[in-house]
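Trainee: I would like to see how this sequence folds:
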Amino acid sequence: MSRIYFDNAATTALDPEVLETMMPFLTEKFGNPSSIYSYGRETKMAIENARKSVARILNANPGEIFFTSGGTESTNTAVTAAIRDLGCRHIITSGLEHHATLHTVEQAANNSHVSVSYVKLKENGHIDLEDLEKMLSESAHRVLITLMHANNEIGNLLKIKAVGELCEKYDAIFHSDAVQTIGHYPFDLKSLHVHFLSAAGHKFHGPKGVGILYVNENISIKPYINGGAQERNMRAGTENLYGIVGFAKALEMATQRYEQDSEQIKGLKKYMADRLVETFPAVTFNGDTNGSSLYTVLNVSFPLTEKSDMLLFSLDMAGICVSGGSACTSGANSQSHVIRALHNENSDKMVPIRFSFSRHNTREEVDQVIGKLKELV
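Mentor: From the prediction side, this is the model:
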């Protein structure tokens, strides 16, 4: 049975060219980057070249780029540092954030003298910027705003520049989870008023287990992980050498391919949305599907019926990989917090499915999925 993979927002396939770039560092170039002999210096140079490459692509300074294990660690580091080192005593976030943000913020509220507020959402899932400014203007303490650049489940894009300008106006610290956008859009970090940015390599055909944290040069923070002088004393632990090399290569390739890939994937998303509406008139879309939204993500809800109840499971059995945006814990399905926040009392009457695309997907695959859905629904 051939598999159709429509869950690229969860992870993407490692590009063979990226693997090829990583291979020497998995084999003969294995020296510890902290060693002083030539083997170590060679690998240290590879890391610094990767840092320069990433900084150039994002229009940042190399000293602002820190390699981490991924988006989750980057986000934990940023939230912790904002409270501990930058004097933030009030966090403003949204109910739609990734759990890497929401759980970290909840923990901070329980363990520190920190209050948490959740900004209002518009009907289509976008952040209400007027409410955000009102909260900023009324806060008695320095604020950390942590809002994702693009939602991983419904695809809505944040007006990141506008939020940054509000943060500058009210002297707030701004962290954005850009895990779904770095590698998918051009970035000019010098033009954004952002203090922290998180990213992960496996979202754009790079390796898993590696990401970056951008830390604006105008702020100073302490390490989150202690015990070594790696990453210019900012992150202890032997570096994920081949991961870092792979991250930089994948980002470089994604940047070169941006125009052709984004056009192809955008066309595929529209084609699938049109086919779904034509085939299943009762479907609805979650988020601002045709507006300010990721070109890679299409989140659709089918009405809950006896047939649609097991839709994700049935698609999996048919070799079709998609996501419901829900976590599976101890065998019990727990509905997506994003869909619940968006639809509140109606969320239990729908079956949400996230289709997310990459350059490897085709219209023929869309047609096959539509055919299988017709059988199932």
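Trainee: what does stretch 370-377 contact?
Mentor: Defining contact as Cβ atoms under 8 Å, 6 or more residues apart in numbering, one finds that stretch 370-377 is touched by 272, 275-276, 279-280, 302, 305, 307-308, 311, 314-315, 318, 320. Using the backbone N, CA and C atoms, a C-beta is placed for each residue, glycine as well.
Trainee: so where do the strands sit in this protein?
Mentor: 4-5, 65-68, 90-93, 115-118, 143-146, 173-177, 196-200, 211-215, 284-285, 297-303, 320-321, 327-329, 332-334, 350-356 (DSSP state E).
Trainee: Can you find the helix or strand in the protein with the smallest mean pLDDT?
Mentor: Of all regular secondary-structure elements in the chain, judged by mean pLDDT, DSSP states H and E, the least confident is strand 327-329 with a mean of 36.
Trainee: if you look at the contacts of stretch 370-377, which of them are in helices?
Mentor: 272, 275, 276, 279, 311, 314, 315 (DSSP state H).
Trainee: hmm, which of those residues are the buried ones?
Mentor: Buried by 16 or more other Cβ atoms under 10 Å: 272, 275, 276, 311, 314, 315, out of the ones in helices among the contacts of stretch 370-377.
Trainee: Reformat these as a markdown table; add pLDDT and distance to residue 136.
Mentor: Shown next, in a markdown table, are these (pLDDT from 0 to 100; distance: Cβ to Cβ, whole Å):
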| residue | pLDDT | distance to residue 136 |
| --- | --- | --- |
| 272 | 98 | 39 |
| 275 | 98 | 43 |
| 276 | 97 | 39 |
| 311 | 92 | 41 |
| 314 | 93 | 46 |
| 315 | 95 | 43 |
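Trainee: how about JSON lines for these, with distance to residue 348 added?
Mentor: As requested, those are exported to JSON lines (distance: Cβ to Cβ, whole Å):
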{"residue": "272", "distance to residue 348": "25"}
{"residue": "275", "distance to residue 348": "27"}
{"residue": "276", "distance to residue 348": "21"}
{"residue": "311", "distance to residue 348": "15"}
{"residue": "314", "distance to residue 348": "19"}
{"residue": "315", "distance to residue 348": "20"}
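Trainee: quick check, nearest of those residues to residue 262?
Mentor: Using Cβ to Cβ, residue 272 comes nearest to residue 262 of these, at 15.8 Å.
Trainee: from memory the closest one sits against residue 366, does it?
Mentor: Yes - if you go by Cβ atoms under 8 Å, residue 272 and residue 366 touch, sitting 4.8 Å apart.
Trainee: Low-confidence regions, this structure specifically.
Mentor: Residue ranges of the chain with pLDDT under 70: 1, 325-334, 345, 347.
Trainee: From residue 377, how far out is the most centrally placed residue in it?
Mentor: Note on the chain: the residue nearest the mean C-alpha position is residue 179, at 2.4 Å, using Cα atoms, centre = their mean. According to Cβ to Cβ, to the nearest Å, residue 179 stands 31 Å off from residue 377.
Trainee: thought residue 266 was touching residue 297?
Mentor: No - when contacts are counted by Cβ under 8 Å, residue 266 is not listed as touching residue 297 (11.3 Å).
Trainee: So between the two, which is more surrounded?
Mentor: residue 297 (26 against 14; other Cβ atoms under 10 Å).
Trainee: who touches the nearest residue to the more buried one once chain neighbours are set aside in this structure?
Mentor: With sequence-adjacent residues excluded and distances taken as Cβ to Cβ, 6 or more residues apart in numbering, residue 297 is closest to residue 155, at 3.5 Å. By Cβ under 8 Å, 6+ apart, the residues touching residue 155 are 180, 287, 288, 289, 293, 294, 296, 297, 298, 299.
Trainee: what about the residue lying closest to residue 221 once chain neighbours are set aside, how many neighbours?
Mentor: Leaving aside its sequence neighbours, residue 221 sits nearest to residue 81 (Cβ to Cβ, 6+ apart; 3.8 Å). Using other Cβ under 10 Å, the number of residues around residue 81 comes to 25.
Trainee: again, but for residue 38
Mentor: When neighbours are counted by other Cβ under 10 Å, residue 38 registers 9.
Trainee: likewise residue 22?
Mentor: Residue 22: 22 surrounding residues under other Cβ under 10 Å.
Trainee: Just to check, it is in contact with residue 244?
Mentor: No - applying Cβ under 8 Å as the test, residue 22 and residue 244 come out as separate, 9.4 Å apart.
Trainee: and the gap between residue 287 and residue 156?
Mentor: 5 Å.
Trainee: where do the contact lists of these two overlap?
Mentor: Contacts common to residue 287 and residue 156, judged by Cβ under 8 Å, 6+ apart, are 124, 125, 293.
Trainee: before we move on, back to that, distance to residue 144 for the contacts of stretch 370-377 - can I get that in TSV?
Mentor: As requested, the contacts of stretch 370-377 are exported to TSV (distance: Cβ to Cβ, whole Å):
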residue	distance to residue 144
272	37
275	42
276	39
279	45
280	42
302	38
305	43
307	45
308	40
311	39
314	43
315	39
318	44
320	40
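Trainee: Out of these, the closest to residue 36 would be?
Mentor: Nearest to residue 36 among the contacts of stretch 370-377, counting by Cβ to Cβ, is residue 320 at 52.4 Å.
Trainee: before we move on, the earlier item: and the furthest pair within the contacts of stretch 370-377?
Mentor: 272 and 305 (21.2 Å).
Trainee: beta partners for residue 300?
Mentor: residue 285, residue 353 (DSSP bridges).
Trainee: pretty sure it is in contact with residue 286, am I right?
Mentor: Yes - under the criterion of Cβ under 8 Å, residue 300 makes contact with residue 286 at 7.1 Å.
Trainee: When those two are compared, which one has more neighbours?
Mentor: residue 286 (28 against 22).
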